[in-house]
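[1] Structure for the following, please:
(one chain, ligands or ions: 1)
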Amino acid sequence: MTEVIDGNAVAAGIREGVADCVDALTGADVKPGLATVLMSADPASETYVSMKQRDCEEVGIEGIHVEVDPDAPAEELYATVDELNDDPSVHGVLVQLPLPEHVDKREVVRRIDPAKDVDAFHPENVGRLVAGDPRFKPCTPHGVQRLLEATGVDPEGKEAVVVGRSDIVGKPMANLLFGRDEGGNATTTVCHSRTDDLAEHTRRADVVVAAAGVPEFITGDMLSEGAVVVDVGVNRVERDGDSTLVGDVEFESAERKASAITPVPGGVGPMTRAMLLYNTVKAAALDADVDVPLP
Ligand SMILES: Nc1nc(=O)c2c([nH]1)NC[C@@H]1CN(c3ccc(C(=O)N[C@@H](CCC(=O)O)C(=O)O)cc3)C=[N+]21
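    Here you go, the predicted model:
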């Protein structure tokens, strides 16, 4: 039987552990705070940010939300980031992506205090991850690692194939999978839009992480029997006149081949949000020099 991996359940466990960290911080008179910054009128971005705020409330993290007019000059966003960097009650700063075209995303990311960069997108944090000395692990790849662990899948020595080479998922995912730490040590291949004969690679994989950003791109015929399939895609598509969420994996055909597979929704998405809370309490603990029982 194929196991459908329950991301909501694993994420709930992480959130409980984060709540214990909040208690430990409270005992040391520290209230962890996460600031979310939204410069977009996109309903999906608004939904994601409000979910993150709701998560904060559940675990006892102080949620601070700031909106910047999407038509405002980039300097307004820079000023907002500067203020949050300087605010001692804020331990994590997340600027929701994507940003308007007139805003230089890289400049914004560089401006976030690396000690508050709970997305782990700042070049210093990217460098530390690649150097094998991470301060924060990026939320989605870290969440995937935890999902594999919870499923009893140890990538060590196995063939892992990451489909997608984005800065926020594909690249850091590959680093974690081939890295020397727990949850790594896989022989890791990164495939992308210019890969010749993608299926040739994915069929060799024991673990496939689909992060191509293309709806239902990975189909069952591209998988080996018994593969573990992790679907990072979140694509809103029109189906029979309705808007529904699908992943980068064609679930039905892939489920027939896989030994374990994550659904969309209810797979990686909730884990991404849980690891954001994890990074926020870690940031607060590092800042205040308090020991916390990170889950
Ligand atoms: N600075 C920044 N950091 C991010 O981490 C970031 C971002 N910008 N921009 C957009 C993407 C996307 N992302 C998601 C996280 C959780 C779900 C999630 O929880 N999804 C639910 C369903 C949500 C629904 O129903 O729409 C699920 O898969 O079960 C989705 C998408 C974080 N992102």
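[2] Ala28 against Ala284, yeah?
    No: using Cβ atoms under 8 Å, Ala28 makes no contact with Ala284, being 9.6 Å away. C-betas here are computed from N, CA, C, even on glycine.
[3] which neighbours do those two share?
    Residues touching both Ala28 and Ala284 (Cβ atoms under 8 Å, 6 or more residues apart in numbering): Val290.
[4] between those two, who's got more neighbours?
    Ala284 (26 against 13; other Cβ atoms under 10 Å).
[5] Distance check, the more buried one against Asp197.
    Ala284 sits 47 Å away from Asp197, going by Cβ to Cβ, to the nearest Å.
[6] Which residue does the stretch 51-200 of the chain have closest to the ligand?
    Leu97 (3.8 Å; Cβ to the nearest ligand atom).
[7] Likewise for the chain?
    Gly269 (2.2 Å).
[8] So that residue versus Gly143, what's the distance?
    Taking Cβ to Cβ, one finds Gly269 at 9 Å from Gly143.
[9] What of Pro88?
    Taking Cβ to Cβ, one finds Pro88 at 28 Å from Gly143.
[10] Those two - which one has more neighbours?
    Between Pro88 and Gly143, counted using other Cβ under 10 Å, the more crowded position is Gly143 (28 against 8).
[11] how about that one, phi and psi?
    phi -60, psi -40 (degrees, to the nearest 10).
[12] Mind giving me the packing neighbours of the helix or strand containing Leu245?
    Assigned by DSSP states H and E, Leu245 belongs to strand 242-246. Applying 3 or more Cβ pairs under 8 Å, 6 or more residues apart in numbering; DSSP states H and E, we find strand 242-246 packed against strand 235-239.
[13] Not counting the strand it packs on itself, show me its contacts.
    By Cβ under 8 Å, 6+ apart, strand 235-239 touches Ala44, Gly213, Val214, Pro215, Ser243, Thr244, Leu245, Val246, Gly247, Asp248.
[14] and that strand, how far from the chain's centre?
    21 Å (Cα atoms, centre = their mean, to the nearest Å).
[15] change the start of the numbering to 46 and stick with it
    In the new numbering, first residue 46, that becomes strand 280-284.
[16] Now it: buried residues?
    By neighbour count on 16 or more other Cβ atoms under 10 Å, the buried set for strand 280-284 is empty.
[17] Over to stretch 234-241?
    Those would be Thr234, Val235, Cys236, Thr240, for stretch 234-241 by 16+ other Cβ under 10 Å.
[18] what do you get for stretch 242-256?
    Leu243, His246, Thr247, Arg248, Ala250, Asp251, Val252, Val253, Val254, Ala255, Ala256.
[19] Then stretch 196-213?
    196, 198, 200, 203-211, 213.
[20] Also stretch 303-321?
    Going by 16+ other Cβ under 10 Å, stretch 303-321 has these buried residues: 303-309, 311-321.
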